[in-house]
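*Asks:* curious how this folds, go ahead:
(one chain, ligands or ions: 1)
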Amino acid sequence: MNDIASAATAAAEAALSRRPEPKQERAQRTRTLVLAAAAELFASKGFPATSITDIAQQVGLTKGAVYFHFKNKEDMAIAVVEANYLLWPTLLDEVRAEGLDPLQTLRELLDRTAHTFHTNVIVRATSRLQAERTLIGSQLPQPYVGWIEILTTLLAEARGAGQVRRDMTPEALARVIVAAFYGMQHISDVLHGQADLMERWAEVREVIFSSLAP
Ligand SMILES: CCC[C@@H]1OCC(CO)=C1C(=O)O
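*Replies:* Numbers count the residues shown, from 1 in each chain. Take a look at the predicted model:
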């Protein structure tokens, strides 16, 4: 369950139990809702065109309440991107727990990643924020390198299991997959607002996995 749904559930449970929601929980819930509102606007309007006023109106708070949680718009952009990169190691743990072979693990992870790009506003916002990174005063977390590392590890495991070609290194193959995935999601976003992302991913996946074979 994502943070927004969790926050809403906590609020409903608090109301039902008629106990005042602890201050810290309420503050965390509000911060999550502000971040989701910022992500919606960063994804749809872009960072430069989004104001703190827009974000406050989107979430139904005063500007002061928003500034309680974030010192400025750049701080929000960093928080959105950081929340994005926290998703992937958790997703990898979930897929590994399924006990698939290394190549199946790689494929399942990428399928679920594509679905997350298609459905998660924090992820969609991060793609656009990273594309606009030179327009954002503060330093966003570096893109792509985390994914190259995750995929290198999985490809090395698949190579060790005889599932992947040995004439290219896992690092090189990981860079190719990240480049292909990045390009796929970017083109889908620019042309169709990511509406066709899963179909475009299926095409890229077909070419990638047939080219990985030993
Ligand atoms: C999984 C491909 C890489 C991924 O695609 C869009 C994007 C956003 O910057 C990415 C990243 O790693 O930061």
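*Asks:* show me the residues around residue 118 that make contact.
*Replies:* 194, 197-198 (C-beta atoms under 8 Å, 6 or more residues apart in numbering). C-beta: built from backbone N, CA, C; applies to glycine.
*Asks:* quick check: the residue positioned nearest the centre of the chain vs residue 114, distance?
*Replies:* Central residue of the chain (C-alpha atoms, centre = their mean): residue 123, 3.1 Å from the mean position. Distance, residue 123 to residue 114, using C-beta to C-beta, to the nearest Å: 10 Å.
*Asks:* quick check, residue 146 in contact with residue 85.
*Replies:* Yes: between residue 146 and residue 85 there is a contact under C-beta atoms under 8 Å: 5.8 Å.
*Asks:* quick one: least confident helix or strand in the protein?
*Replies:* helix 3-17 (a mean of 66; mean pLDDT, DSSP states H and E).
*Asks:* does the first helix or strand past that one going along the chain reach the ligand?
*Replies:* Next along the chain after helix 3-17, taking DSSP states H and E as the criterion, comes helix 23-44. No: interface with the ligand: helix 23-44 contributes nothing (C-beta under 6 Å from any ligand atom), its closest point being 11.7 Å away.
*Asks:* just how off-centre is helix 23-44 within its chain?
*Replies:* With C-alpha atoms, centre = their mean, to the nearest Å as the basis, helix 23-44 stands 15 Å off its chain's centre.
*Asks:* element containing residue 64, please.
*Replies:* helix 63-69.
*Asks:* elements contacting whichever helix or strand comes after that helix?
*Replies:* Using DSSP H and E, the helix or strand that follows helix 63-69 towards the C-terminus is helix 73-96. Packing partners of helix 73-96 (3 or more C-beta pairs under 8 Å, 6 or more residues apart in numbering; DSSP states H and E): helix 23-44, helix 52-59, helix 102-119, helix 121-131, helix 145-160.
*Asks:* what's the first one packed up against?
*Replies:* I take that to be helix 23-44. Secondary-structure packing of helix 23-44 (3+ C-beta pairs under 8 Å, 6+ apart): helix 3-17, helix 52-59, helix 63-69, helix 73-96, helix 121-131.
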